[in-house]
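K.L.:
sequence first, then the predicted structure, then my questions.
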Amino acid sequence: MRNQFYSLLILLVPEVILSLVAMCALFVGFNPNLDKRCPCKNFSVMLSVIGSVLALGSIFFIQYILKIESNTLIELHGIQVNASILGVKMGIIILTIFSLMLTREDPLYINKAEYSCILLFSTIGLMLLVSSSNLLVAFIALELAALSMYLMTSLKKDDPVAAEASLKYFMFGGMSSAFLLFGFSLIYGMTGSIKFSEINTSLATQPMDALLVIAFVMIVVGLGFKLTVAPFHLWAPDTYEGASLPSAAFIASVSKIACFFITGMIFLNALAPTSMEWGIPSVIQKGDEIIKPLPGWKPILAIVAVISMIYGNLTALAQKSVRRLLAYSAVAHAGYILVGITAIEALGLAPIIYYTLFYALATIGAFGVTSIILNNRGNDDIESFVGLGQKMPVVTLSLIIFFLSLAGIPPLAGFFGKFYLFLGALKVSEISFPLLYLVIIGFATSVISLYYYLKILKAAYNKTSEENVDDLFVREPYFTTRLVLILGAVLILLGGCFPQFFINLFL
Amino acid sequence: MLGWNIYLSFLGILILLFLPRENKTAPRWIALIVSLLGLILTAVICISVGIFKHEDPAQMVILSDHSWIPALRIRYTLGMDGITLVMCLLTGIAAVSGVLFSWNVTYRSRDFFIFFMLLIGSVYGVFLSLDIFLFFVFYELVVIPKYFLIAIWGSTNKEYGAMKLTLYSFAGSALALIAVIAVYVQSGCSTFNMLELREASFSKDFQFWAFPMCCLGFGVLAGLWPCHTWAPTGHVAAPTAASMLLAGVIMKLGAYGILRIAVPFFPEGVAEWKLFFSILAVIGIVYGALVAITQKDFKFVIGYSSVSHMGFVILGLVLANEVAWNGAVLQMFSHGIIAGLLFAVVGRMVYERTHTRDLTQLHRMRLMNVIPFAVVIFILSGAASMGMPGFSGFWAELQVMLGCWNVYPLLTLFIGLGLIFGVVYTLRAINLAFLGKEKTSSSVSLKESVLPISLPEKIGAVFLITISFVVGIYPNVLLAFIAPAVQSMM
């Protein structure tokens, strides 16, 4: 028993390190003198960055100690670890560091210690979520992350917009958690287990029935909220706009990686073997032949994906504020990723991980540039981007890379990601292409998305009609912000040119 | 060696990126040198293949082949045969003349040439890639520089034109990409290599829906009626060099996609849809010419004439017989040269001096007295565009019509009608733009105020018209490369 807990500790070293660092950051916050005496102004943020780097290192340590290769899976007390889970955790930590580095761009936030502590707690929740192997751990981890994110939204305490955003986020979030829990409990009632693998074996012999459909719908509603899938996305535009910019960047990117990963995990490992035909078990034996009908949750996910792709892209067209636009484009991207999840048995989790990681990277970069605009111009309208190219060419170049990657232009990572996802969707059945319509809608709507991304890029690249750009952009971005933007742009370029390297990391 | 065309262009971009922004003259020299090097390289290879027979133009020669994304068996494969060589030659010529005709770009000239070189490099990439994924990487990479070139440096309604063009071509390539992914999945041989996929056989049902998808997708960029509407607005909005490239090479990319992917992959699909696409192409020929007759804007005349001429290319390709294909490939080359020249005269020589493209206004200026060089060049290239014997267009269109006559004699009659309309709009444009009557005394002052035709313009114009003339007198220069390659693809 003692030995088991020791192994569990080793599996969770990164989370343990992060919790300790979060406590320390909070402690710094309790002692204002400590922060003042320190030569560095943002002591708690620095501390959190260092802690995150340590946690990142500890992942390599785990990989080395446990000799994790592509097909090893270690499972213990509801926590599982394999190569792709560790890869996703790495991505989460790197993006957490990025969003910590963006913190300085936000002049409004009050208590840095509070902020970095809550952000780290949220990261811990997301990391636990990624490595959970049963429904209960997944739910608790999701709640830890979600509660922290509600708090992060409301950190601008005297701002009514932030309060509204946070309240909206919290109300919708609480409701969706209830749906999710209800769905999980139905699954538990039908299979008698909360472990993914046991649910899988138990569902394989069960016929499709009404209760199972209800469970699927509840789970899709509950997770769909976290994934900003239409029609459960209503919180996203307000939260993206109301929350302080680094918090919004975190919510828009890091939380998406973990939530998409666990959604894929639940559907692939736990719910995959259910049949679409009413009353027929998933594996039918006809003589020697074994027939596997398509899983029953496919139509539900497909409907939601179609709504998201169309609604998200069309609504984004009408947005003026770039943050709201990013929120609606998040809805659209969630639709693309759901196409990949619908087709998850064809290529596994790899396309989804690849797509979400680079989507998150591009989003965090886009938020970084938006924060520069917001600080200089006071709003984030598309027209406010005019003149950016004149004043900050490097920032503009990275902005071009982020948005073109989101639009899916080669040779950036977004193109290969989309290609990989849709390839999986067509691979589901090689003769009849049952998901062809999803791919067609996906590509058609990504054409729409190019329109609004190009509109921003055009504005950023244009010269201003006014004489002096220096008056428009008074505040130079901080060094850390520049670093995040350049690193992000380089990573996206590398991810598009050498995708195999990144695929190897997650498989 | 030919792969160096791509790398040279990207190298040029790297050099330009490190130039200071204020430098106005260095970018154009660098762009000229880089594109000239590419042209010389292609010409040397053409000579070594054509005269010294180092390679057989019928064979697809693999230039480089590296593993790229092993998970999906995507490889970085470049290859060339006779058709590729001709297309690369066209790109080189268009690039050099494009730089020459944008010699006067001073507004953000560094950025202009960066986008220009990016465009050229990607176009070379499309023509050279043998792996379909790589093909699409380059094909969609073309979209972005095109957008910025038009939206920043363009004229008349530039944002609308640029956005329309970009969305159309992105949508077209997405459509073709879906068909191609389906091909990859269904072939079962898990390769993206064009040559290997060409060998795979697909079921008739699959071909029946995949061919029109692919053909329509590529057809958008080739100006296939009724998806052509981006072409006139895009051409008109674009700056001179961009519209030269747009008509000269970028419209050819779509045709090249049909040639390398749509037709060879789906022989049965072609058989089913041949008549449908032939009719669309012929409508394009006649409609483009008819609409060109009624235009008031000089550049719109050329824009619609492009649609009309590209109709020949598409027609030749979907007919899928040897004569028609020879004609189609030759027409791709010939139209690339002639349309480039026409746009250069209208956009650079006339518009930038008179600041109007309105034919009725030009009529009052009697430009014949003002810029006689431009008039001579325009009349020569107009004759070439009409399909006058002695210029390259004649042989190309003749072969396409011969190929069509064997299959659909009735359609050929309509093409003849299109040719007559072609003569009408060209003569009308020449008459209105250059041979007008002086209504006011403005011509005198115009003659003094207008800058004379500069040396780069003269070099570029003479260069292009000479090529069209040489090919027109002795078409075998190019057909020696095209015919064997076409024969081996059939």
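P.N.:
Received, thanks.
K.L.:
flag the shaky bits of the chain, pLDDT-wise.
P.N.:
You didn't say which chain, so I picked chain A. Residues of chain A meeting the criterion pLDDT under 70: A:1-2, A:32-41, A:70, A:107-110, A:273-295, A:430-431, A:464-469, A:506-507.
K.L.:
try again with chain B
P.N.:
Along chain B, segments meeting pLDDT under 70 span B:438-448.
K.L.:
moving C-terminal of the top helix by length along it, what's the next helix or strand?
P.N.:
For chain B, the longest helix by residue count, based on DSSP state H, is helix B:158-187. Next along the chain after helix B:158-187, taking DSSP states H and E as the criterion, comes helix B:194-199.
K.L.:
name the residues that touch that following helix?
P.N.:
With CB atoms under 8 Å, 6 or more residues apart in numbering or on different chains as the test, helix B:194-199 has contacts from B:60, B:79, B:130-132, B:135, B:183-184, B:187, B:189, B:191, B:260-261, B:264-265. The C-beta positions use only the backbone N, C-alpha and C, and glycine is treated the same way.
K.L.:
of those residues, list those near chain A.
P.N.:
Contacts with chain A are made by residue B:184 out of the contacts of helix B:194-199, judged by CB under 8 Å from any CB of the partner chain.
K.L.:
buried ones in the longest helix of chain B?
P.N.:
Of all the residues in helix B:158-187, those buried under the rule 16 or more other CB atoms under 10 Å in any protein chain shown are B:158-159, B:161-187.
K.L.:
likewise stretch B:311-327?
P.N.:
Quick answer for stretch B:311-327 (16+ other CB under 10 Å): B:311-321, B:323-327.
K.L.:
how far out from the middle of the chain is it?
P.N.:
16 Å (CA atoms, centre = their mean, to the nearest Å).
K.L.:
same question for stretch A:145-153.
P.N.:
The answer for stretch A:145-153 is 14 Å, by CA atoms, centre = their mean.
K.L.:
who touches it?
P.N.:
By CB under 8 Å, 6+ apart, the list of residues contacting stretch A:145-153 from outside reads A:115, A:118-119, A:121-126, A:129, A:162, A:165-166, A:169-170, A:173, A:177, A:226, A:239, A:242-244, A:247, A:250-251, A:255, A:258.
K.L.:
surely residue B:341 meets residue B:465?
P.N.:
Yes. Counting by CB atoms under 8 Å, residue B:341 touches residue B:465, with 6.3 Å between them.
K.L.:
could you list the buried residues of the lengthiest helix in chain A?
P.N.:
For chain A, the longest helix by residue count, based on DSSP H, is helix A:160-191. Residues of helix A:160-191 classed as buried by neighbour count (16+ other CB under 10 Å): A:162, A:164-170, A:172-173, A:176-177, A:179-184, A:186-188, A:190-191.
K.L.:
please apply the same query to stretch A:196-215.
P.N.:
The neighbour-count check on stretch A:196-215 (16+ other CB under 10 Å) flags A:196, A:199, A:200, A:202, A:203, A:206, A:208, A:212, A:213, A:215 as buried.
K.L.:
closest to residue B:32 out of those residues?
P.N.:
residue A:196 (62.9 Å; CB to CB).
K.L.:
who's in contact with that closest one?
P.N.:
For residue A:196, counting by CB under 8 Å, 6+ apart, the contacting residues are A:133, A:134, A:135, A:265, A:266, A:269, A:270.
K.L.:
in helices, which of the buried residues of stretch B:311-327 appear?
P.N.:
B:311-319, B:323-327.
K.L.:
chain A: which of those residues is nearest?
P.N.:
residue B:314 (22.0 Å; CB to the nearest CB).
K.L.:
check contacts around the nearest residue to that closest one once chain neighbours are set aside.
P.N.:
In this structure, residue B:314 finds its nearest non-sequential neighbour in residue B:281, 4.2 Å apart by CB to CB, 6 or more residues apart in numbering or on different chains. By CB under 8 Å, 6+ apart, the residues touching residue B:281 are B:224, B:225, B:311, B:312, B:314, B:315, B:318.
K.L.:
and for residue B:44?
P.N.:
Per CB under 8 Å, 6+ apart, neighbours of residue B:44: none.
K.L.:
element containing it?
P.N.:
Per DSSP H and E: helix B:26-50 holds residue B:44.
K.L.:
cool, and residue B:225?
P.N.:
Counting by DSSP H and E, residue B:225 is found in no helix or strand.
K.L.:
now do residue B:65
P.N.:
Assessed by DSSP H and E, residue B:65 sits inside strand B:61-69.
K.L.:
could I get the buried residue list for the helix or strand just after that strand?
P.N.:
The first helix or strand that comes after strand B:61-69 along the chain, using DSSP H and E, is strand B:74-80. Using 16+ other CB under 10 Å as the test for burial, strand B:74-80 gives B:74, B:75, B:76, B:77, B:78, B:79, B:80.
K.L.:
chain A contacts on chain B?
P.N.:
B:21, B:68-72, B:133, B:136-138, B:140-141, B:143-144, B:147-148, B:151-152, B:159, B:163, B:166-167, B:170-171, B:174-175, B:177-178, B:181-182, B:184-186, B:188.
K.L.:
related to what we said a few turns ago, how much does the longest helix of chain B deviate in direction from strand B:74-80?
P.N.:
Counting by axes from the mean of the first three to the mean of the last three CA atoms, to 10 degrees, helix B:158-187 lies at 110 degrees to strand B:74-80.
K.L.:
packing partners of helix B:158-187?
P.N.:
Under the contact criterion of 3 or more CB pairs under 8 Å, 6 or more residues apart in numbering or on different chains; DSSP states H and E, helix B:158-187 touches helix A:413-427, helix A:436-461, helix B:132-141, helix B:143-153, helix B:194-199, helix B:204-222, helix B:230-237.
K.L.:
so which of those helices gets nearest residue A:56?
P.N.:
helix A:413-427 (20.3 Å).
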